[in-house]
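> Structure for this input, please:
(chains A, B and C)
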Amino acid sequence: MLGEMLKNVRNVHPLIHNITNYVTVNDCANILLACGASPIMTDDEGEVEDVTSICGGLNINLGTLHQGTVPAMIKAGRKANELGHPVLLDPVGAGSSRLRTQTAQRLLEEIHFSAIRGNVSEIRTLVRGAGASHGVDADAIDRVTEETLNEAVRLAETLAGNRKTVVAMTGVIDIVTDGKKTFCIRNGHPMMSAITGGGCQLSAMMTAYLSANSDDQLEAAAAAVAAMGLCGEKAYRRMSELDGNASYRNYLIDAVFRLTPEELDAGARYELR
Amino acid sequence: MLGEMLKNVRNVHPLIHNITNYVTVNDCANILLACGASPIMTDDEGEVEDVTSICGGLNINLGTLHQGTVPAMIKAGRKANELGHPVLLDPVGAGSSRLRTQTAQRLLEEIHFSAIRGNVSEIRTLVRGAGASHGVDADAIDRVTEETLNEAVRLAETLAGNRKTVVAMTGVIDIVTDGKKTFCIRNGHPMMSAITGGGCQLSAMMTAYLSANSDDQLEAAAAAVAAMGLCGEKAYRRMSELDGNASYRNYLIDAVFRLTPEELDAGARYELR
Amino acid sequence: MLGEMLKNVRNVHPLIHNITNYVTVNDCANILLACGASPIMTDDEGEVEDVTSICGGLNINLGTLHQGTVPAMIKAGRKANELGHPVLLDPVGAGSSRLRTQTAQRLLEEIHFSAIRGNVSEIRTLVRGAGASHGVDADAIDRVTEETLNEAVRLAETLAGNRKTVVAMTGVIDIVTDGKKTFCIRNGHPMMSAITGGGCQLSAMMTAYLSANSDDQLEAAAAAVAAMGLCGEKAYRRMSELDGNASYRNYLIDAVFRLTPEELDAGARYELR
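The predicted structure is shown next:
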């Protein structure tokens, strides 16, 4: 079933508008191409409506947030809402500064998001309206493990229900939920946390999956998460003893490029709740 | 003959000033180093004249355009014109938003460009003053193929003649013309469209070729285009069955680093019109 | 002894705040992860104090300098000074424009830097308050060689003494000094100058070493320099005849990822003055 979602990305070839940070933007563009979509990046208030209108989905990412860019995010988001395009929020670093936290909250009020993807502390921040995070990673104390899984699922379901959206809370176990049905996905590899921008890349790719699968937003988001985790595993198996995180970064995008729907169906490990 | 152009880049080692987008800027810097030039990137109005003065060429790229950067583009462009440095325009996404289209037109009025490099829909936009593009790629209907080649050549020659510049219109077949003499170049590989920033990289590298070959601007531009296409072929031959677009991106820049003038002369496939 | 510094980075896992350029920022993030630290990048005046407060060190880099970012640099720097966090300055391109030179001087007045890392022409600019540079590289005439080593050491020691800081002046021979004790380090490979951002990456990594070794700032800076040079050598040995600067960039970060304290102790080549 998840493989079907990837097949649709390859067939529809959606153009995705990204308002994102300057750290991982190149990787986001290349992973969109790798999965079968096309990227366009722009954040100037004077053109975001024009650009989002020719796209099939909008990815808003708060990394390296500039206050001056927030109006462009809102304009683009409202236009995408108006056109019925999926809009994804990646609240990078929500909880690590008041500006990020407040901006995330403001965007949630101004735009309807089809999906929100973040780590546990970012999601917690959106639920609580406050929080603390160790940079862009989840606090160790708040990682999703077998012990904390039930609580983590509740957290994600709360945000999904409150905001009528799909929430993808990623970590050792990934939780994807629309508040009613929940995927717990056990793909991935610890090496993924040794590269910058894995989360940003997943958010960009997820927007493409959402765009190409408008009738199955929950399954589309879960497919993107499982695909990313599976590719993280494949990339790790390819590492030589001289390879480190730079080669791994390339192998991960390469694996996304090579991933087939059949491999995704065979390799995805998840349970439904 | 084209190999001579590369030889001059390696000998002159030009320093190239780039006002460019934050998506592909790192690749632009590395491809400049790969071909034998040096990069410097800055877009602050307060220093672009100082910086362009110590450089040998200026590359202006409209990707991730910010309105606030346009005055810096104009200042840098006029200073480079004054000093007789080559100036290249890459009108990324012209036609996909009014801002991009208007900015491209404004720059064409304020600055004399030695060369303009774009895909067919961007070039069409500059000729017509309007247009529509699917992100940064040419519309499928407007691709340059054997069937549309004559029309495409006319389009490029029109812009070259109107603006007294060299036009490099790249696609499956690349057209490089000064309005009188035209190269149709058949190097390249479809894999090149699976990475972000191939066009931006070519524009940066072309500026280096223009800078090191001031008496042969048309040939310099054609040599850069043929070199990029040839390296795209070489990079593809190097791919293993696990490699995807991320590795291909590295192989492409690696191939530019390794390319010799002799290989370029032997591998360039073009006809003159 | 230098290996101990790396061991501490791996144990402390410092979070480093980077205000840096958009050209090499992704490499800076990945090299921080490679050495055992974590990156966070932000330059918005509205959040830099919040962010730097949750970090263990601050890296300020003048590449692609925007005038509008200077107040954020100063706010972050003062907050880090107040908290006793190490602050590093990488005065990229100081001497190539008045804006860069003046900004570097202003930052030196407003912030106390734990370390300054630059090439010889940048360091010279900070000492003299003026200068000229060929982009971001040192002028050929001003390279540090065996012949100019004594003079170069004096230059670095002058800045270190004047500013009560550690100065790392990198080139063919790297000089690291606190004005009293000086390391002359002979690791590295010419291939390192064929990639963009090697200096930026070293500055980011050095900030992590400073953060994890608060009692040994000079040794920490020297260890980072030796580690980078040693990894540059290891990366070169890994190159195949098809590899160029793009693969080398990956191999360099991979080598940082794989470097052990024992290898660093065994491979560092330096003399003390």
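> alpha carbons only for contacts and neighbour counts from here, please
Will do.
> Excluding residues flanking it in the chain, which one is nearest the closest residue to chain C within chain A?
Nearest residue of chain A to chain C (CA to the nearest CA) works out as A:Gly244 at 3.9 Å. Excluding the flanking residues, the one nearest A:Gly244 by CA to CA, 6 or more residues apart in numbering or on different chains is C:Asp254, at 3.9 Å.
> Up against chain C, what does the stretch 51-200 of chain A have?
A:63-67, A:96-100, A:134-136, A:194-196 (CA under 8 Å from any CA of the partner chain).
> Tell me the one among the residues you listed nearest to chain B.
Among these, and counting by CA to the nearest CA, the member closest to chain B is A:Thr64, at 12.3 Å.
> in terms of contact, does A:Ala72 touch A:Asp44 like I think?
Yes. Judged on CA atoms under 8 Å, A:Ala72 makes contact with A:Asp44 at a distance of 6.2 Å.
> picking that back up, show me what the helix or strand hosting the residue nearest to A:Gly244 is packed against.
Per DSSP states H and E, C:Asp254 falls inside helix C:245-258. Packing partners of helix C:245-258 (3 or more CA pairs under 8 Å, 6 or more residues apart in numbering or on different chains; DSSP states H and E): helix A:245-258, helix B:25-35, helix B:245-258, helix C:25-35, helix C:217-237.
> Now for A:Ala29: which residues touch it?
The contact partners of A:Ala29, taken as CA atoms under 8 Å, 6 or more residues apart in numbering or on different chains, are A:38-40, B:23, B:196.
> Output stretch A:234-253 in PDB, but only the C-alpha positions, please.
Written as PDB, here are the backbone C-alpha positions of stretch A:234-253 (Å, rounded to 0.1, in the frame of the first residue of the first chain):
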ATOM      1  CA  LYS A 234      20.100   0.900   2.800                       C
ATOM      2  CA  ALA A 235      22.600   3.800   2.900                       C
ATOM      3  CA  TYR A 236      24.200   2.400   6.100                       C
ATOM      4  CA  ARG A 237      24.700  -1.100   4.500                       C
ATOM      5  CA  ARG A 238      26.600   0.600   1.800                       C
ATOM      6  CA  MET A 239      29.200   2.300   4.000                       C
ATOM      7  CA  SER A 240      32.800   1.200   3.800                       C
ATOM      8  CA  GLU A 241      35.200   1.500   6.800                       C
ATOM      9  CA  LEU A 242      36.500   4.800   5.400                       C
ATOM     10  CA  ASP A 243      33.100   6.400   5.000                       C
ATOM     11  CA  GLY A 244      31.600   8.800   7.400                       C
ATOM     12  CA  ASN A 245      28.600  11.100   7.600                       C
ATOM     13  CA  ALA A 246      29.500  13.000   4.300                       C
ATOM     14  CA  SER A 247      29.400   9.800   2.200                       C
ATOM     15  CA  TYR A 248      26.400   8.600   4.200                       C
ATOM     16  CA  ARG A 249      24.500  11.800   3.200                       C
ATOM     17  CA  ASN A 250      25.100  11.000  -0.400                       C
ATOM     18  CA  TYR A 251      24.200   7.400   0.000                       C
ATOM     19  CA  LEU A 252      20.900   8.300   1.600                       C
ATOM     20  CA  ILE A 253      19.800  10.500  -1.300                       C
END
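> Just the buried residues of it, please?
By 16 or more other CA atoms under 10 Å in any protein chain shown, the buried positions in stretch A:234-253 come out as A:234-236, A:243-253.
> so can I have TSV of the residues you listed showing pLDDT?
Formatted as TSV, the buried residues of stretch A:234-253 follow (pLDDT from 0 to 100):
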residue	pLDDT
A:Lys234	98
A:Ala235	98
A:Tyr236	98
A:Asp243	98
A:Gly244	98
A:Asn245	98
A:Ala246	98
A:Ser247	98
A:Tyr248	98
A:Arg249	98
A:Asn250	98
A:Tyr251	98
A:Leu252	98
A:Ile253	98
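> Going by distance to C:Glu262, which of those wins?
Distance to C:Glu262 across the buried residues of stretch A:234-253 (CA to CA) is lowest for A:Gly244, with 17.8 Å.
> The closest one reaches C:Leu252, doesn't it?
No. Assessed by CA under 8 Å, A:Gly244 is found out of contact with C:Leu252, at 9.2 Å.
> Could you pull out the strands in chain A for me?
A:15-19, A:38-41, A:57-61, A:87-90, A:115-118, A:166-169, A:174-177, A:182-185, A:270-272 (DSSP state E).
> Neighbours of A:Gly46, how many?
By the criterion of other CA atoms under 10 Å in any protein chain shown, A:Gly46 has 18 neighbours.
> give me the residue from chain A nearest chain B.
A:Asp254 (3.9 Å).
> Show the contacting residues for the residue lying closest to A:Cys231 once chain neighbours are set aside.
Once flanking residues are discounted, A:Cys231 sits nearest to A:Ala255: 5.2 Å by CA to CA, 6+ apart. By CA under 8 Å, 6+ apart, A:Ala255 lies in contact with A:231-232, A:234-235, B:242-244.
> try 7 Å this time
A:231, A:234-235, B:244 (CA atoms under 7 Å, 6 or more residues apart in numbering or on different chains).
> Just the pLDDT for the residue of chain A closest to chain B.
On the pLDDT scale, A:Asp254 is placed at 98.
> thought it was touching B:Tyr248?
No. With contacts counted by CA atoms under 7 Å, A:Asp254 stays clear of B:Tyr248, the gap being 8.8 Å.
> Just send the helices and strands packed on helix C:245-258 back as CSV, with distance to C:Ile185 too.
Below are the helices and strands packed on helix C:245-258 laid out as CSV (distance: least, CA to CA, whole Å):
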stretch, distance to C:Ile185
helix A:245-258, 26
helix B:25-35, 25
helix B:245-258, 28
helix C:25-35, 20
helix C:217-237, 7
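> show me the contacts for the residue nearest to the spatial centre of chain A.
Closest to where the C-alpha atoms of chain A average out (CA atoms, centre = their mean) is A:Ser203, at 2.2 Å. A:Ser203 is in contact with A:90, A:117, counting by CA under 7 Å, 6+ apart.
> what about it, distance to B:Leu32?
Separation of A:Ser203 from B:Leu32 (CA to CA, to the nearest Å) stands at 31 Å.
> nearest residue to A:Met206 other than its sequence neighbours?
A:Met206 sits nearest to A:Ala224 (CA to CA, 6+ apart), 5.2 Å away.
> What segments of the stretch 1-150 of chain A are helices?
A:2-12, A:25-35, A:48-53, A:70-83, A:98-110, A:120-128, A:149-163 (DSSP state H, counting those that start in this stretch).
> How about residues contacting the first one?
For helix A:2-12, contacts defined as CA under 7 Å, 6+ apart pick out A:36-37, A:208-209, A:212-213, A:219-220, A:223, A:261-262, A:264-265.
> Which one, of the helices and strands packed on helix C:245-258, ends up nearest to A:Ile123?
Of all the helices and strands packed on helix C:245-258, helix C:25-35 comes closest under CA to CA, at 23.2 Å.
> tell me the angle that closest one makes with helix B:25-35.
Interaxial angle, helix C:25-35 versus helix B:25-35 (axes from the mean of the first three to the mean of the last three CA atoms, to 10 degrees): 90 degrees.
> Send me helix C:25-35 as CSV with only the CA atoms.
Presented in CSV, the C-alpha positions along helix C:25-35 are these (Å, rounded to 0.1, in the frame of the first residue of the first chain):
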residue,chain,number,x,y,z
VAL,C,25,27.0,26.4,5.9
ASN,C,26,26.0,22.9,5.2
ASP,C,27,29.6,21.6,5.3
CYS,C,28,30.1,23.5,8.6
ALA,C,29,27.0,21.7,10.0
ASN,C,30,28.2,18.3,8.8
ILE,C,31,31.8,18.7,10.1
LEU,C,32,30.5,19.7,13.5
LEU,C,33,28.5,16.5,13.5
ALA,C,34,31.5,14.6,12.2
CYS,C,35,33.8,15.7,15.1
